[in-house]
Each structure stands twice: as structure tokens, then as C-alpha cells.
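Participant: missing the sequence, but the structure's below:
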């Protein structure tokens, strides 16, 4: 039987069209973005600014309004789900979906963990009634103690109270995924540091076996900067095929590179992350090909701000005659970044979603600084963002 190429004759995607990338932005908004990304290019002022903002927030100084109109507004949807709704609708107008990410971290009490769980359940309920929100998301360390997960991974004997806390993590995670299953809303479980990612994985795979029988409801996250991640990915697929469930996976390069290297140095072992960016890029791109090759057993969220990797995935889909709108494959970027990727992919018919952090300013800003300091996702990407913003401003000026 002849294979039909669903993408035959379709124009290849390009990330150079700034008129599409910034079609939702006014000149005034672009100028504000230009100023913000220009400032973020200065390495030492950013470090100093981070210190002073954290200090000011801790001292309860009246700087919240300034932060909310600058850094927070660029990279977050709002302080509440209600505040995010207008931005969700704006993105939806361009066929870009939203992944609401309650980005409050660092809690240590059951009251905090239960509150976080309830917020995720609320997001699932909202997503069930909205075509604009295709996924929910959470971290295991957001609903339970990272220290307990670390002890579990290391094989240490848990005290009675610690065992109870671990069982609460299991119960919260199951309650979230059960609600996701009932509402048919897939849930992405974000990656953690290597010293307790293994414990997280075991919980996630148990949930996949339970809820991923007909489609991927539970997604695990694979940080491809880790030297063992190719093996882990292949092992996960073998497990899925053997146990007859769909493997839900999100691919990222990784968010804890500095912390991972420092941890390895302190504990005197070889770092789990590759030595070079090129090795990480190679691993990520290999994983994309592996997923497309095995797409009958996989649902994929490709989280990347790398133009080469995003373009590669579009080409792999075309070569495999996979429709651009196939629900098994999503492209994802952080809100406020890489609009030239998100908007051009969406404009070309691909499934695209923006990770949109939200929460109280004073609680979410530390999350944003962690991203900047540990992942370099913001500061390392600002040169490209700035170049594209300037290009679009010049294009508009030439039209006038």
C-alpha cells in the first residue's frame, strides 16, 4: 500500500520572520522588551541586580510594582490564574496554547505541599474546560520533601515519620494524576536534580503504568545534558512496550548544570552532565529522532529554545509523514522567550505551547532568578532575542 506524505508540498518552517514572531506586540511593547533584554546582556549588573532585588523583597521594601511591570510581566502570566486569562486568550488567538506553571518553590511543610497540590488540581479542572490549556505541570519536590526523595534514592532506611511523608508524596502524586486521567488532561512532571531524580522516576513510571494505557496522561521529563539519559530513555520505552502503556515524555536540555557540577565536585564523583554543549545538543537531537522513530509508543513535548533542534523536529516529522497537527507532538518554549520559534511554528500549523509561570511576585521572582543563574536560559538567550527585536523594530521603521 502506498504511503501518503501528509506534508507534501507544504512550505518549510522558518524562524527568521520577525513580522510573524512579534505580530502580537506593539512598538511600545517591543521597545520595552529591547530595553529589558539589553539590560540582561550585562553579566555583572544582572548578578548585582539579582542580589538587590532578593534583598529588597526580603526586607519588604516597596519594589513589587516595579518588578511586576518589568521582569515579572515579561516572563510570567500574572499572580493568579485569573490574571493569566487575558494572556492565555491572547496566545490562543495565534493558536499558541498555554501550560500554567505554578512556580512557587521551597516549601517544607505538609500545609505548603497540600496547597500546591490543590493549585495543580485547580489547573487541571480549568484545563479540562479549555482548548487553550493542553497540559498541567508539577514537580515532585513541589508536593513533597526533596530530602525524603534523596534518602529513598540513596537506599537509606526511612524512619517511621519519614516513611509517612514519602507515602504522602505518593498519595498527592496519585491524586493529581487520577484527576488528570478523569479529566483527560495530560500532566507534565518536571525534572529534578540527579540525586533524587531516580526516586522521582520510579514514582512516575508507576503512575504511567496505571494511567497511560490508551494515551499519555502522565509525562516524565528527560534532561539530555545527562550522560546517562539516552540509556534511561531507551529503558523507559522498553518498559512501556513490555507493560503496554504509552510513554509520555518531555525532552529538555537541562536546568541544573551549575548545581550538578558543584554537587559532583563536593561529593568527589564524575559529573552526570556532559562536558560540552555540543555533546548535549547531539544527545538532544538523537532523542528527537528516537522519539519520532518510535512515535507509535510515545507522546512527545519538545521543550527547547534551540532553533536547530526545533527545525530538526519539523524535518523529522515531515520525513516520517507525520501531520503537523498530530496531537502526539508538541513544541514548547517559556513564555516571554523565543517568540520567533513559537509564533512561526504555530503559523506553520504545528502544535505549540508556552510554559507560563504564575504566582505571587515575591514567591515567583526567586524561581526566575534560579532559572537565570542555574540554567542560563534567560541570560544566555538574550543576545538572540535582542537581535530579533531590533530587526523587527527596523522592519517596522522601514515600512513607515
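Facilitator: Arrived safely. As the structure is a computational prediction, the values presented were derived from the model and not from experiment. Residues are numbered from 1 along each chain as shown.

Participant: Going along the chain, name the helices of the stretch 151-300 of the chain.
Facilitator: 160-183, 194-211, 229-243, 257-266, 277-293 (DSSP state H, counting those that start in this stretch).

Participant: Can you tell me which of those helices is most buried?
Facilitator: Among the helices of the stretch 151-300 of the chain, helix 194-211 has the highest mean neighbour count (mean count of other CB atoms under 10 Å), at a mean of 20. In short, each C-beta sits where N, CA and C put it, glycine included.

Participant: Report the secondary structure state of residue 353.
Facilitator: strand (DSSP: H, G, I helix; E, B strand; the rest coil).

Participant: can you tell me how far it sits from residue 173?
Facilitator: 22 Å (CB to CB, to the nearest Å).

Participant: same question, residue 323
Facilitator: 33 Å.

Participant: what do you get for residue 149?
Facilitator: Applying CB to CB to residue 149 and residue 173 gives a distance of 11 Å.

Participant: Between the two, which contacts overlap?
Facilitator: residue 140 (CB atoms under 8 Å, 6 or more residues apart in numbering).

Participant: picking up where we left off before, among the helices of the stretch 151-300 of the chain, which one carries the weakest average confidence?
Facilitator: Confidence, taken as mean pLDDT, is least for helix 257-266 of the helices of the stretch 151-300 of the chain (a mean of 91).

Participant: and that one, what other elements does it pack with?
Facilitator: helix 194-211 (3 or more CB pairs under 8 Å, 6 or more residues apart in numbering; DSSP states H and E).

Participant: for the helix it packs on, packing partners?
Facilitator: Short answer (3+ CB pairs under 8 Å, 6+ apart): helix 194-211 packs on helix 146-154, helix 160-183, strand 218-223, helix 229-243, helix 257-266.

Participant: mind redoing it with 7 Å?
Facilitator: When contacts are defined as 3 or more CB pairs under 7 Å, 6 or more residues apart in numbering; DSSP states H and E, helix 194-211 packs onto helix 146-154, helix 160-183, strand 218-223.

Participant: would CSV of the ones you listed with distance to residue 209 be doable?
Facilitator: Shown next, in CSV, are the helices and strands packed on helix 194-211 (distance: least, CB to CB, whole Å):
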stretch, distance to residue 209
helix 146-154, 19
helix 160-183, 11
strand 218-223, 9
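
Participant: for the ones you listed, which one sits closest to residue 93?
Facilitator: Nearest to residue 93 among the helices and strands packed on helix 194-211 is helix 160-183 (24.5 Å), distances taken as CB to CB.

Participant: if I read this right, residue 335 contacts residue 73, doesn't it?
Facilitator: No. Counting by CB atoms under 7 Å, residue 335 sits too far from residue 73 to count as a contact (10.5 Å).

Participant: out of the two, which sits in the more crowded spot?
Facilitator: Neighbour count, other CB atoms under 10 Å: between residue 335 and residue 73, residue 335 has more, with 25 against 16.

Participant: State the distance from that one to residue 101.
Facilitator: Counting by CB to CB - residue 335 and residue 101 are separated by 9 Å.

Participant: Mutual contacts of those two, please.
Facilitator: 355-356 (CB atoms under 7 Å, 6 or more residues apart in numbering).

Participant: Quick one: end-to-end distance for stretch 135-149.
Facilitator: 25 Å (CA to CA, to the nearest Å).

Participant: to the chain's geometric centre, what's the distance from that stretch?
Facilitator: Put simply, stretch 135-149 sits 15 Å off its chain's centre (CA atoms, centre = their mean, to the nearest Å).

Participant: for stretch 158-170, same thing?
Facilitator: Distance, centroid of stretch 158-170 to centroid of chain: 28 Å (CA atoms, centre = their mean).

Participant: Let me see the ranges of the strands in the protein.
Facilitator: With strands called from DSSP state E, the chain shows them at 97-102, 136-138, 187-189, 218-223, 247-252, 298-303, 329-334, 352-358.

Participant: can you tell me which of the ones you listed comes nearest to residue 232?
Facilitator: strand 218-223 (6.7 Å).

Participant: chain center to the closest one, what's the gap?
Facilitator: Distance, centroid of strand 218-223 to centroid of chain: 10 Å (CA atoms, centre = their mean).

Participant: One more: stretch 77-85?
Facilitator: On CA atoms, centre = their mean, the centre of stretch 77-85 falls 18 Å from that of its chain.

Participant: What of stretch 77-90?
Facilitator: 18 Å.

Participant: Stretch 221-237 now?
Facilitator: On CA atoms, centre = their mean, the centre of stretch 221-237 falls 17 Å from that of its chain.

Participant: Okay, now it: how far is its last residue from its first?
Facilitator: 13 Å.

Participant: What of stretch 221-236?
Facilitator: 11 Å.

Participant: For that stretch, which outside residues touch it?
Facilitator: Residues contacting stretch 221-236 (CB under 7 Å, 6+ apart): 188-191, 194, 247, 249-254, 257, 272-274, 280, 283-284, 286-287, 290.

Participant: Check the gap between residue 313 and residue 13 for me.
Facilitator: Where residue 13 is concerned, residue 313 sits at a distance of 10 Å (CB to CB).
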